[in-house]
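S.K.: here's my sequence, what's the structure:
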Amino acid sequence: MYTITGSIFIQFGHHVRGHEGPCISLHGHTWKFELCAASETLDNQGFVLDFDRMQALVFDPCFQLLDHSLALGVATWEDTKGDLESLGEKLVASRLETLGNLGTCQAMFSGDLCGARNERPGGIKVAVFPFTPTSERLAEWLYRMAAMTIADERIKIVSARIYESLHPSELYAEYRPL
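M.R.: Numbers count the residues shown, from 1 in each chain. Predicted structure coming up:
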């Protein structure tokens, strides 16, 4: 069995709805998204999967969706979108002080990415998921997105890991089917 592993670092914030501890507050991490794929055979170029293809089909869309965003579950989004609209307008308006204009809108993912989408309340970037974005749920989401995108009769997705913390402790959640 051949395996390959690829990863990407993405900076974004999140909120864990109903959390009994500090994750109830908006906070951010430098996340590491890691994906492992396997195959019994190599393709005619000698690859399980070309890393460029993994990057283009999985990691680039994840980066577009999440980079410098606030990740929320749909329930929290529905409860707060009006407040976020007002807050976003105030935050973006601060550019007038430094730039003299409102600047350009941040790049976002267009469309649906395995149930997740971007919204732009008041000009800020929000990633809305159909679940509360914990590391465990994001790992399953990444696994399913990769399975839909790159898995085929030869290539299997082995696991997806989401590293929420790398320093001083390395903490991650992993999803793999039984």
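S.K.: quick check, residue 58 in a strand?
M.R.: No: read with DSSP: H, G, I helix; E, B strand; the rest coil, residue 58 is helix and lies in no strand.
S.K.: my guess is it meets residue 143, correct?
M.R.: No: with contact defined as C-beta atoms under 8 Å, residue 58 does not count as touching residue 143 (10.3 Å). C-beta coordinates here come from the backbone N, C-alpha and C atoms, glycine included.
S.K.: find residues that contact each of those two.
M.R.: residue 35 (C-beta atoms under 8 Å, 6 or more residues apart in numbering).
S.K.: now do the contacts for residue 3.
M.R.: 36, 37, 38, 48, 158.
S.K.: so can I have TSV of those showing pLDDT and neighbour count?
M.R.: TSV is the format used below for those (pLDDT from 0 to 100; neighbours: other C-beta atoms under 10 Å):
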residue	pLDDT	neighbour count
36	98	20
37	98	22
38	98	18
48	98	21
158	98	16
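S.K.: of those residues, closest to residue 76?
M.R.: The closest of the contacts of residue 3 to residue 76 turns out to be residue 36 (C-beta to C-beta; 30.4 Å).
S.K.: can you classify the residue lying closest to the closest one once chain neighbours are set aside as helix, strand or coil?
M.R.: Leaving aside its sequence neighbours, residue 36 sits nearest to residue 158 (C-beta to C-beta, 6 or more residues apart in numbering; 4.2 Å). Assigned by three-state DSSP, the conformation of residue 158 is strand.
S.K.: any idea how far residue 7 is from residue 158?
M.R.: 14 Å (C-beta to C-beta, to the nearest Å).
S.K.: with residue 164 instead?
M.R.: 14 Å.
S.K.: now residue 23: closest residue in space that isn't a chain neighbour?
M.R.: residue 16 (3.9 Å).
S.K.: which strands and helices sit next to the helix ranked longest in the chain?
M.R.: Ranked by residue count under DSSP state H, the longest helix found in the chain is helix 74-93. On a contact count with 3 or more C-beta pairs under 8 Å, 6 or more residues apart in numbering; DSSP states H and E, helix 74-93 meets strand 126-129.
S.K.: now render the contacts of residue 3 as TSV, adding distance to residue 92 and secondary structure.
M.R.: As requested, the contacts of residue 3 are exported to TSV (distance: C-beta to C-beta, whole Å; DSSP: H, G, I helix; E, B strand; the rest coil):
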residue	distance to residue 92	secondary structure
36	39	strand
37	39	strand
38	44	strand
48	43	coil
158	42	strand
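S.K.: tell me the one among the residues you listed nearest to residue 109.
M.R.: residue 37 (21.9 Å).
S.K.: that concludes my questions; thank you for your assistance.
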